Structure formats: C-alpha cells, structure tokens
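Q: Provided below for reference: sequence and predicted model.
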Amino acid sequence: RNASYTGGLRLNANIPVISRNNIVWQMGANYMNTNFSIDDADPVDYTDPPNDLRLSEPILSELNTHSLNTAGLFTTVFKPLNDKQFLIFQGQADYNGNYTLSDFHSFGLTKYSAAVLWGKRPHDRLQWAIGLSRTYRVGELNYVPIVMYNWTSKKEKWGTEILFPAKANGKYWINKNSLVMFGYELEGGSYHLAGLSNNGNSFELRRGEVRPRIEWNRKLVGFFWLNAQLGARINYGFAYDELEDGKEFFRGFFGQQEIEAFSSLGTSLYGLVGISFVSL
C-alpha cells in the first residue's frame with residue numbers, strides 16, 4: 001500500500017512557573033494530530049478479529065480511518081549547584097493513540113518519559129551536560145545516555161543546540177530578528193490502536209523517524225515569530241507490538257521479544273509552518 005498523504009496539527013505551550021537564581025521550573029503542554037491517507041485501505045469488520053493479526057490490512061485500515069493523537073504534559077527543572085555546575089530534570093507524560101475526544105482509551109496507556117543531566121557552565125556562551133534518558137522518541141521504550149552541548153560564538157552569530165542523540169542543530173543569526181537552524185531530530189512515539197485486540201492483548205504502533213531539516217525563524221511583531229521548516233522524513237521504525245494484558249514491556253537494544261509486524265516506509269520530503277509566541 002502507498003501512503004499518499006501525511007499531515008496534521010501541532011500545538012505547544014511552555015510557561016515558567018518559578019524563575020529564580022537558585023532554581024528555574026517550567027511546565028508545558030502539547031497536542032499533536034497526524035492523519036494518513038492510504039491507498040486501497042478498505043475498512044475492516046473487527047466483530048470477529050482475524051486470526052493472524054500480522055496481516056497488514058487491519059492495521060492500515062485503522063491508520064486510514066482514525067488519526068493518531070498525542071496529548072501530553074511536560075516539565076523542566078534547572079537547578080544550579082554553584083557558579084559552574086547544574087542539574088536538569090525533564091519529565092513528560094503522553095497519552096498516545098487513535099482516540100478521539102469523545103472516545104478516550106484507558107489512561108493506563110499513558111507513556112512516561114524522563115531525563116536527568118549533570119552539567120557544567122564554563123562561561124556564559126557554553127553549557128555542556130551528560131545524563132540518562134527514559135524515552136519513546138523513536139517508538140518503543142528505551143533507556144539511552146544523553147549529551148547536551150549548547151555553545152554560542154564570541155560574536156554571537158554562530159552556535160549549537162545539541163541534545164544527542166535526540167536532536168542536534170547548528171544555528172546562525174542573520175540579524176537580531178532572523179535565525180537559521182540546521183540539523184536533525186528524532187521523532188516518534190508508541191500509539192495504542194484501539195481497533196485491534198487479541199484475547200485481551202492490545203496492539204501498539206511503534207513509530208520513529210529521523211528528520212534532517214533546515215528551519216528559518218523570523219520575528220513578525222512583538223513576541224510573535226514565524227517558523228518554517230523544510231526537511232526529509234527518514235524511516236527509523238514502523239512496527240507493531242502485542243502487549244500482553246495491555247502491559248508495556250522493555251525490549252531495549254538486545255531484547256528477544258517478538259515484533260508482531262513490520263511496515264516499510266520510504267523517505268519523503270516534508271514542510272512545516274508555524275507561529276510562535278516567545279516572551280524573552
């Protein structure tokens with residue numbers, strides 16, 4: 001089957017709760033909707049589920065008829081230890097699936113992510129840190145080491161924003177009102193598919209992709225900025241897992257748990273345009 005269209009809507013908000021010299025605490029919320037248009041993916045009657053759920057037809061039909069949605073809350077705490085050292089904690093809870101506002105699934109399917117970093121700030125233009133992350137960023141649950149490296153040149157024209165392996169960007173200020181960024185980001189998650197079940201077991205889509213891109217940020221007026229991205233979506237994984245009694249499990253890089261089904265997606269170009277309200 002061919003996916004002739006993928007698109008949707010994204011909303012993000014991040015608000016400072018506490019901003020002091022000895023601690024900074026931010027809270028935020030996000031919503032993302034993704035729709036697919038899949039050629040020749042006809043609706044399937046699930047009254048009598050197919051015996052072999054490895055067949056692609058039921059899965060493709062679910063994606064074609066129900067959009068994938070993510071609604072989440074996240075928080076970031078920045079805690080200086082002294083003039084040079086600091087700690088960062090990030091936590092996130094995402095409710096992912098092919099649900100609608102009138103047909104929510106169990107909140108027990110919420111996915112929790114977190115990261116803890118220890119870092120140093122040699123001077124005002126450089127921050128680096130190392131830590132550990134629990135993440136679903138490329139689909140299934142995993143635990144990975146992370147490295148942060150944020151740097152700005154002396155003339156404040158060039159810089160980096162890196163949180164490896166999740167994302168890495170170089171940046172160039174054209175002027176004080178225009179910024180170009182270039183790099184990549186890993187994107188994805190684990191989504192409950194309500195239309196598929198097997199003897200009390202649920203099924204989840206583990207979606208992940210690598211997005212190399214270039215983006216332009218331009219101040220419009222006041223605190224409003226225009227953001228435009230152009231890049232490629234490179235498939236990292238598009239697989240389906242059966243969760244016994246709906247319970248999540250950890251496979252990691254070396255687990256032997258069987259994957260229920262694979263899909264193969266080709267690379268495609270994408271574009272994104274957004275408006276941001278940024279209070280500095």
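A: Everything's here; your move. Numbering: from 1, shown residues only.
Q: check contacts around residue 176.
A: Taking CB atoms under 8 Å, 6 or more residues apart in numbering as the definition of contact, residue 176 has no neighbours. All C-beta spots, glycine's among them, are computed from the backbone N, C-alpha and C.
Q: okay, it: pLDDT?
A: pLDDT, residue 176: 92.
Q: all strands for the protein, in order.
A: 3-19, 24-38, 68-80, 85-97, 111-123, 126-135, 142-152, 158-164, 167-175, 178-198, 201-221, 224-243, 261-262, 268-277 (DSSP state E).
Q: a markdown table please, covering the ones you listed and showing distance to residue 255 and mean neighbour count.
A: Conversion of the strands of the chain to a markdown table gives the following (distance: least, CB to CB, whole Å; neighbours: other CB atoms under 10 Å):
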| stretch | distance to residue 255 | mean neighbour count |
| --- | --- | --- |
| strand 3-19 | 28 | 12 |
| strand 24-38 | 27 | 16 |
| strand 68-80 | 24 | 17 |
| strand 85-97 | 21 | 18 |
| strand 111-123 | 18 | 16 |
| strand 126-135 | 15 | 17 |
| strand 142-152 | 10 | 16 |
| strand 158-164 | 23 | 16 |
| strand 167-175 | 25 | 15 |
| strand 178-198 | 15 | 19 |
| strand 201-221 | 13 | 18 |
| strand 224-243 | 11 | 17 |
| strand 261-262 | 16 | 14 |
| strand 268-277 | 30 | 11 |
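Q: lowest-confidence stretch among those?
A: Averaging pLDDT over each of the strands of the chain puts strand 261-262 lowest, since it has a mean of 74.
Q: What pairs with that strand, parallel or antiparallel?
A: As defined by DSSP bridges, the strand partners of strand 261-262 come to strand 224-243 (antiparallel).
Q: Send me the strand it pairs with as PDB with only the CA atoms.
A: Extracted in PDB, the C-alpha atoms of strand 224-243 (Å, rounded to 0.1, in the frame of the first residue of the first chain):
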ATOM      1  CA  PHE A 224       5.400  36.700  17.600                       C
ATOM      2  CA  TRP A 225       7.800  34.700  15.400                       C
ATOM      3  CA  LEU A 226       7.300  32.800  12.200                       C
ATOM      4  CA  ASN A 227       8.900  29.300  11.900                       C
ATOM      5  CA  ALA A 228       9.300  27.500   8.600                       C
ATOM      6  CA  GLN A 229      10.900  24.100   8.200                       C
ATOM      7  CA  LEU A 230      11.900  22.000   5.200                       C
ATOM      8  CA  GLY A 231      13.400  18.600   5.600                       C
ATOM      9  CA  ALA A 232      13.100  14.800   5.000                       C
ATOM     10  CA  ARG A 233      11.400  12.100   6.900                       C
ATOM     11  CA  ILE A 234      13.600   9.000   7.100                       C
ATOM     12  CA  ASN A 235      12.000   5.900   8.500                       C
ATOM     13  CA  TYR A 236      13.600   4.600  11.600                       C
ATOM     14  CA  GLY A 237      10.900   2.100  12.500                       C
ATOM     15  CA  PHE A 238       7.200   1.500  11.900                       C
ATOM     16  CA  ALA A 239       6.400  -1.700  13.700                       C
ATOM     17  CA  TYR A 240       3.600  -3.200  15.800                       C
ATOM     18  CA  ASP A 241       3.800  -4.900  19.200                       C
ATOM     19  CA  GLU A 242       1.300  -7.000  21.000                       C
ATOM     20  CA  LEU A 243       1.100  -6.100  24.700                       C
END
